[in-house]
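>>> Need a 3D model of the sequence below.
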Amino acid sequence: MPRSLLPLVGADPNRPGAVSLVGRYALGVTWQDGHGSIYPFDTLRVACPCGACPPAADAWPTEIRREAAALRVVWQDGHDSALPYADLRRQCPCAQCAMTRRGTGP
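Now for the predicted structure:
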């Protein structure tokens, strides 16, 4: 008989609950666990995992859409980035997450 997997309990911290523009130069993500992250557009471009695109000084998205496992951003220069949610969460630029990454936070 196949073994059933136990369901996850609670919110998945690597899944966005809401995605919205923050001002004119950043994207806000509220994660399912309630944590909020703000990513300036140039930070999102640098986070592109493709390895082939040079960071653009004037990174400007023309399209942003949520997909099942990643945030898809199409840039003004035509480049298309798929930014996995887990990677974005791991790179959260807020002070609390930055301190935790450095080992000086809670």
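
>>> got a list of what the nearest residue to residue 74 once chain neighbours are set aside touches?
Of all residues not flanking residue 74 in the chain, residue 63 sits nearest, at 4.1 Å (CB to CB, 6 or more residues apart in numbering). C-betas here are computed from N, CA, C, even on glycine. Residue 63 is in contact with 72-74, counting by CB atoms under 8 Å, 6 or more residues apart in numbering.

>>> So the nearest residue to residue 76 once chain neighbours are set aside versus residue 89, what's the distance?
Nearest non-adjacent residue to residue 76, counting by CB to CB, 6+ apart: residue 60, 4.4 Å away. Remark: distance between residue 60 and residue 89 (CB to CB, to the nearest Å) = 23 Å.

>>> so how far is residue 16 from the residue nearest the centre of the chain?
Nearest to the mean C-alpha position of the chain, counting by CA atoms, centre = their mean, stands residue 88 at 3.1 Å. According to CB to CB, residue 88 stands 8 Å off from residue 16.

>>> what do those two both touch?
The contact lists of residue 88 and residue 16 share 29, 71, where a contact means CB under 8 Å, 6+ apart.

>>> tell me the mean pLDDT over stretch 84-97?
Stretch 84-97 shows a mean pLDDT of 94.

>>> and for it, what are the contacting residues?
By CB under 8 Å, 6+ apart, stretch 84-97 touches 13-16, 29, 31, 35-40, 43, 47, 49, 69-71, 98, 105-106.

>>> Can you say which of the residues you listed are buried?
Buried members of the contacts of stretch 84-97, scored by 16 or more other CB atoms under 10 Å, are 14-16, 29, 31, 35, 37, 39, 43, 47, 70-71.

>>> Thanks a lot, see you next time.
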